[in-house]
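Student: Curious how this folds, go ahead:
(one chain, ligands or ions: 2)
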Amino acid sequence: MQLGVIGLGRMGQIVVNRVLDAGHDVVAFDLSEEAVAAAADAGAEAASSLDDFVDRLDEEKRIWLMVPAGDAVDATLDELDPHLTDRDVVVDGGNSHFEQSVRRAEATKAAYLDCGTSGGPAGAELGFSLMVGGPEWAYEELTPVFDAVATGPAGHDRMGPAGSGHYVKMVHNGVEYALMQAYGEGFELLANGRYDLDLEAVSRTWNNGAVIRSWLLELCEEAFREEGNDLGDVADHISGGSTGTWTVQEALEQEVPVPLIYQALSERFGSRDEARFSRRLANRLRYGFGRHEIVREE
Ligand SMILES: NC(=O)C1=CN([C@@H]2O[C@H](COP(=O)(O)OP(=O)(O)OC[C@H]3O[C@@H](n4cnc5c(N)ncnc54)[C@H](O)[C@@H]3O)[C@@H](O)[C@H]2O)C=CC1
Ligand SMILES: O=C(CO)[C@H](O)[C@H](O)COP(=O)(O)O
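Tutor: Ligands and ions are numbered 1, 2, ... in the order given. Sure, this is the predicted structure:
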């Protein structure tokens, strides 16, 4: 089978490598010439432009987009669309908002699969978990590619119609935020608690048979091993946040309570402002109502 891949960054390069390793052919394009050269080194056919990319594809085109979510997806689809027919299949493997995916699926001539991808760059070895939405025939047509990119046949499934793949991935990310918050709070208590603990040893012990073992906990173990028990100079600042925001927005719309996910998102936003206004105001108000000493910046 032949697959065209557009977007050859951290994730797209893994898609290319895994599809090649499974014995398929890959045509690769990226705005970055270095990224295209790296894909060519791995065995892909290099495309020098989007027109060149389309020319190199078989008549029935199978295309995987792994570009940043948002404008890059629309820009790529706008350029591709004049070359597409209803026998072609386009997969968006990025973290697009599910409503954008529904809109794109309606707008493009090709069959459109929205594919939530989990596993991060660490998925290079193991393969990813893929949550796919869109037409059944297109999902079945792309199954050999999904088998290769995922951990195997059990690592992907069709969630439902257009948008459902990215919807499930959005909720996955909300859960990811809440789990990180829970581990963070537990380790913060251990770090400031009654015993002088080796947090790498705690996470290693938990990772071996404990109820709360998980990949995120393995990453906690790695973090304490590599950064030290106090996390060294790792700053109090959490970037990202868009997928968690979408999850909370959707929960509000559906009137489903998600307090843990909301709290985790809120902590993330709070971490970007070292001198939180709300904390400073509370500091001043305690003086107002109780004449508690105002703590001033040094
Ligand atoms: N990094 C991660 O852990 C995960 C990322 N994702 C999603 O996968 C998608 C890609 O992420 P990464 O690989 O991490 O990003 P990246 O920034 O490493 O790579 C993006 C690549 O797309 C290329 N690109 C941008 N606009 C383009 C265009 N118009 N035409 C052709 N190439 C273009 C860039 O040159 C770059 O090589 C994003 O939607 C991201 O949210 C999903 C799951 C995990
Ligand atoms: O999807 C992911 C992990 O599952 C990506 O790492 C993503 O970047 C996380 O989303 P955000 O930056 O919105 O927190």
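
Student: Can you report how many residues neighbour the residue in the stretch 101-250 of the chain that ligand 1 sits nearest to?
Tutor: Going by C-beta to the nearest ligand atom, ligand 1 is nearest to residue 120 of the stretch 101-250 of the chain, at 3.5 Å. From N, CA and C alone the C-beta is placed, and that goes for glycine too. By other C-beta atoms under 10 Å, the residues close to residue 120 number 13.

Student: I'd guess it is in a helix, am I close?
Tutor: No - remark: residue 120 does not belong to a helix; assigned using DSSP: H, G, I helix; E, B strand; the rest coil, it is coil.

Student: please begin residue numbering at 557 from this point
Tutor: Yep, numbering from 557; the last one is residue 676 now.

Student: For the residue nearest to residue 669 when sequence neighbours are not counted, give me the backbone phi and psi.
Tutor: Nearest residue to residue 669, sequence neighbours excluded (C-beta to C-beta, 6 or more residues apart in numbering): residue 690, at 3.9 Å. The phi/psi pair for residue 690 (degrees, to the nearest 10) reads phi 130, psi -170.

Student: Quick check: residues of the stretch 607-756 of the chain near ligand 2?
Tutor: 651, 674, 676, 729, 732 (C-beta under 6 Å from any ligand atom).

Student: are any of those residues buried, and which?
Tutor: Listed as buried from those are 651, 674, 729, 732; burial here means 16 or more other C-beta atoms under 10 Å.

Student: ok, the first one - contacts?
Tutor: Going back to what we said before, that points to residue 651. Applying C-beta atoms under 8 Å, 6 or more residues apart in numbering, we find residue 651 in contact with 625, 672, 673, 722, 725, 729, 798, 799.

Student: ok, now with 7 Å
Tutor: Applying C-beta atoms under 7 Å, 6 or more residues apart in numbering to residue 651 gives the contacts 625, 725, 799.

Student: And it, how close does it get to residue 786?
Tutor: 32 Å (C-beta to C-beta, to the nearest Å).
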